[in-house]
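Engineer: task: produce atomic coordinates for the following.
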Amino acid sequence: MTHQTDAMLDTYPKDLGSIDREALAACIAACFECAQVCTACADACLSEDMVAELTKCIRTNLDCADLCDATGRILSRHTGYDANVTRASLEACMAACKACADECEQHAGMHEHCRICAEACRRCEQACARLLATLG
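Structural biologist: Residues are numbered from 1 along each chain as shown. Next up, the predicted model:
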């Protein structure tokens, strides 16, 4: 997916400015991957026999998926760029990813889908932090 994201960034008709394109493409890809994985983890949690004990995990998964998806879409738009909105989105995404990873790690020993989700959330959190650091 990063290849297609890079290709789209390369075709943008205006100058993207000083933004780190590699960090931007990686963050967009990590956000969309995390959104998909969190959605799938929430669904898998709903299929578990102990679903009542996974309520917080499911909610955290869905919140994270929504924020990652929104952040990926915001990062994909450059016309009328607003650095404050981008920063706030990245910070919210990082907070959601951290909360989701922390929650999923509590269930990772029993549920493989939670382990996979926690890893995706940590990758996304790191990608957002790397991009945020380049924004100044």
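Engineer: host element of the spatially most central residue of the chain?
Structural biologist: In the chain, the residue lying closest to the centroid (Cα atoms, centre = their mean) is Cys31, at 3.0 Å. Per DSSP states H and E: Cys31 is located in helix 21-47.
Engineer: show me what that helix is packed up against.
Structural biologist: Where contact means 3 or more Cβ pairs under 8 Å, 6 or more residues apart in numbering; DSSP states H and E, helix 21-47 is packed against helix 2-11, helix 55-75, helix 83-107, helix 112-135. No exception for glycine: its C-beta is placed from N, CA and C like everyone else's.
Engineer: what would the ones you listed look like in CSV with mean pLDDT and mean neighbour count?
Structural biologist: What follows is the helices and strands packed on helix 21-47, written out as CSV (pLDDT from 0 to 100; neighbours: other Cβ atoms under 10 Å):
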stretch, mean pLDDT, mean neighbour count
helix 2-11, 66, 13
helix 55-75, 97, 21
helix 83-107, 96, 19
helix 112-135, 96, 21
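Engineer: would you format these as JSON lines with distance to Cys45 included?
Structural biologist: Formatted as JSON lines, the helices and strands packed on helix 21-47 follow (distance: least, Cβ to Cβ, whole Å):
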{"stretch": "helix 2-11", "distance to Cys45": "28"}
{"stretch": "helix 55-75", "distance to Cys45": "5"}
{"stretch": "helix 83-107", "distance to Cys45": "8"}
{"stretch": "helix 112-135", "distance to Cys45": "7"}
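Engineer: if anything else comes up later, I'll come back, but that's it for now.
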